[in-house]
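Peer 1: got a sequence here, can you model it:
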Amino acid sequence: DPGNNDDPDTNNDEPLGETSQVHGLLQQEDGDDANFEGTFVTAFEVDASGDIEVVSHEEAAVESDGSFTVLIDLELYSGGEIFIEAEQEDEGSSQGSVLVEASVDGNAEVDAAPITAETTFEVDTFLEARSSGHWDDDDCSTAEHRASVTIDIAAEAKASGDYQSEVEAFARASTSAMKASVEYLMEAEGKTQAELEAYFEAQSETRAELDSQLLAQATDSESTVEAYLEATADALSELALDIESKASNAQASAEAFVRASAEMSTEVRSEARAHIEKKREFFVSTAIDAKLEALQAGADAQSEVESAAVELRGELAAATDVSAQVEAWAQFKAEVRSELEGEFEQALTELEAEMESAFEAYASTMADVESSADAEVISSDCVDAFLSLWAEADAGIDALTEIGGLVDDESTLEILVSLMVHLEVAAGLAAEA
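Peer 2: From the prediction side, this is the model:
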């Protein structure tokens, strides 16, 4: 427990130098009467090597309403990630923790999100990812990691008979997803480490703003998810990614998470995968809409597909197991295809025949990815398979251009192939891992 520190030299009567203030709130769970007497918070820094050190000037008392302000001693702080832990002093038991997203440099006054079971799970899985070696600062960010957690995931993990195993499995899945995203951006999109650092910074700034809103009760957890997805889309636009590339990035990330989720309990896995599918759906549905528009699909067809996307969103959120998620995507895939029949029926038939072996190879490869492996291995294997599938798709386009009268131009074929790949990958859910 990082909150247990009996070193008399840890705290001082007066600040050693400059300090920054972190404001927060310890929320009482389950509607119980709040009783924060004897509860204190301490700030810790996690440095690049994973070591944890106290960086608060002294313990800060939690007020009767759950609020607190803790001072960060900037002479103790070296620039790493900070988390706040609340502890009941008499019992010596942790009451929860939260990562501080905002920068505390330069006498800052910042907000942390309210401490809940959700933020505690974020901290626990972050610390596990660090200590296990899955975390890499070049590939991972606390903002993106936190975005993979929901209150429902945390609740199921807490109710599990083996909380630590859930923490270990989730840490692997989250870091696998982040690493897959970065690998895709660098290998397929040619992004540099400097560009990725700017992307991470934009995500962190957004997360810090959302934390302030949560503390002020100006938003809720569900709205925060939506706002973060929108902000991520904007940040990817700053990376010069188009709609197609954003969808591919989301697909690669989701595939890695799905493969790495196999060792979670059924309950945690169901909640975690429902959440990751929300992100995949957000980007893939947007790409599908854009491609239908590019194909000059009629207003009725676009409206039908948009309705199908809304239904997909609901089905994914309500899915209680993997098979339900697979079925939800399969239904969406069928709806999109039905709207393309008629004008593009021959092309779709030829495409399906041309791509059948490529999809089979992809599913087989994904099924063989070792779900208990290191996050680096999982992400690399998933991205390699994903990029190989796209290479096969490009080859398929070249072959089909030789069939006379199939479509008016090659760009139409490219759009149809892209539609097929996105829908087939999502409907396969990493070969139903």
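Peer 1: please count neighbours and contacts with C-alpha atoms only from this point.
Peer 2: OK.
Peer 1: my read: Y228 touches R207, true?
Peer 2: Yes. Contact between Y228 and R207 holds when scored by C-alpha atoms under 8 Å: they sit 7.2 Å apart.
Peer 1: which one's more surrounded, these two?
Peer 2: R207 (26 against 18; other C-alpha atoms under 10 Å).
Peer 1: skipping adjacent residues, who's closest to the more buried one in space?
Peer 2: With C-alpha to C-alpha, 6 or more residues apart in numbering as the criterion, R207 has its nearest non-adjacent residue at 6.0 Å, and that residue is A143.
Peer 1: same question for K333.
Peer 2: Nearest non-adjacent residue to K333 (C-alpha to C-alpha, 6+ apart): L423, at 5.6 Å.
Peer 1: coming back round to it: pretty sure the residue nearest to R207 is in a helix, no?
Peer 2: Yes. Assigned with DSSP: H, G, I helix; E, B strand; the rest coil, A143 falls within a helix.
Peer 1: what residues are up against it?
Peer 2: E101, F200, Q203, S204, R207 (C-alpha atoms under 8 Å, 6 or more residues apart in numbering).
Peer 1: just curious, which of these is nearest to E109?
Peer 2: Here the nearest of the contacts of A143 to E109, counting by C-alpha to C-alpha, is E101; it sits at 12.3 Å.
Peer 1: my read: the closest one touches S204, true?
Peer 2: Yes. Counting by C-alpha under 8 Å, S204 is a contact partner of E101 at 6.2 Å.
Peer 1: start and end of stretch 34-49, how far apart?
Peer 2: Taking C-alpha to C-alpha, to the nearest Å, stretch 34-49 runs 37 Å from one end to the other.
Peer 1: contacts for that stretch?
Peer 2: 2-3, 28, 51-56, 58-66, 68, 70, 72, 77-90, 137.
Peer 1: and that stretch, average pLDDT?
Peer 2: The pLDDT scores in stretch 34-49 average 89.
Peer 1: do the same with stretch 117-132
Peer 2: On average, stretch 117-132 scores 96.
Peer 1: who's V54 bridged to?
Peer 2: Judged by DSSP bridges, the bridge partners of V54 are F44.
Peer 1: ok, now which ones touch A317?
Peer 2: Residues in contact with A317 (C-alpha under 8 Å, 6+ apart) are A274, H275, K278.
Peer 1: out of these, flag the one nearest to D211.
Peer 2: Closest to D211, out of all of the contacts of A317 and judged by C-alpha to C-alpha, is H275, at 19.4 Å.
Peer 1: and the closest one, that one's in a helix?
Peer 2: Yes. Applying three-state DSSP, one finds H275 inside a helix.
Peer 1: and the strands in the chain?
Peer 2: Here the chain has its strands, by DSSP state E, at 19-25, 39-46, 52-54, 60-61, 67-73, 81-88, 93-100, 109-111.
Peer 1: nearest spatial neighbour of T19, skipping sequence neighbours?
Peer 2: T19 sits nearest to D73 (C-alpha to C-alpha, 6+ apart), 4.7 Å away.
Peer 1: you'd agree the one you found is up against V22?
Peer 2: No. Judged on C-alpha under 8 Å, D73 makes no contact with V22 at a distance of 11.1 Å.
Peer 1: low-confidence ranges, the chain, go.
Peer 2: 1-16, 29-33, 402-408, 429-433 (pLDDT under 70).
Peer 1: most centrally placed residue in it?
Peer 2: Among the residues of the chain, the one closest to the centroid is S148, at 3.7 Å (C-alpha atoms, centre = their mean).
Peer 1: that one: what's it in contact with?
Peer 2: Residues counted as contacts of S148 (C-alpha under 8 Å, 6+ apart) are S174, A272, H275, I276.
Peer 1: the last one: what's it in contact with?
Peer 2: For I276, the contacting residues are S148, A254, F257, taking C-alpha under 8 Å, 6+ apart as the criterion.
Peer 1: now it: how far from T266?
Peer 2: 15 Å.
Peer 1: circling back to that earlier point, ok, of the contacts of S148, which come out buried?
Peer 2: S174, A272, H275, I276 (16 or more other C-alpha atoms under 10 Å).
Peer 1: which pair of those spans the longest distance?
Peer 2: Put simply, by C-alpha to C-alpha the two of the buried ones among the contacts of S148 set farthest apart are S174 and H275, 11.7 Å from each other.
Peer 1: quick check: phi and psi at E343.
Peer 2: With angles defined as degrees, to the nearest 10, E343 sits at phi -60, psi -30.
Peer 1: how much space between it and I288?
Peer 2: Taking C-alpha to C-alpha, one finds E343 at 17 Å from I288.
Peer 1: of those two, who's got more company?
Peer 2: Neighbours were counted for E343 and for I288 using other C-alpha under 10 Å; I288 has more, 25 against 11.
Peer 1: once you drop chain neighbours, what's closest to the more buried one?
Peer 2: In space, I288 is closest to L419, 6.5 Å off (C-alpha to C-alpha, 6+ apart).
Peer 1: wait, the one you found touches K291, no?
Peer 2: Yes. Assessed by C-alpha under 8 Å, L419 is found in contact with K291 at 7.5 Å.
Peer 1: look up how far D137 lies from D152.
Peer 2: Between D152 and D137 the computed distance is 27 Å (C-alpha to C-alpha).
Peer 1: pull the contacting residues for the nearest residue to V104 once chain neighbours are set aside.
Peer 2: Once flanking residues are discounted, V104 sits nearest to S20: 5.9 Å by C-alpha to C-alpha, 6+ apart. In this structure, S20 makes contact with L71, I72, D73, L74, V104, D105, G106, N107, A108, E109, V110, judged by C-alpha under 8 Å, 6+ apart.
Peer 1: how many neighbouring residues does A233 have?
Peer 2: 19.
Peer 1: can you check the one 4 residues further on too?
Peer 2: Taking other C-alpha under 10 Å as the criterion, the count of residues near S237 is 15.
Peer 1: for I378, same thing?
Peer 2: The number of residues packed near I378 is 27, by other C-alpha under 10 Å.
Peer 1: tell me the spacing between it and E370.
Peer 2: For I378, the distance to E370 - C-alpha to C-alpha - is 7 Å.
Peer 1: shared neighbours, those two?
Peer 2: R259.
Peer 1: measure the nearest residue in space to M186 that is not next to it in sequence to D381 for me?
Peer 2: Counting by C-alpha to C-alpha, 6+ apart, T192 is the residue found nearest to M186 once chain neighbours are left out, at 6.5 Å. Here the criterion is C-alpha to C-alpha. By it, T192 lies 21 Å from D381.
Peer 1: who has more neighbours, the two?
Peer 2: Shown here are T192 and D381; by other C-alpha under 10 Å, D381 has more neighbours (18 against 13).
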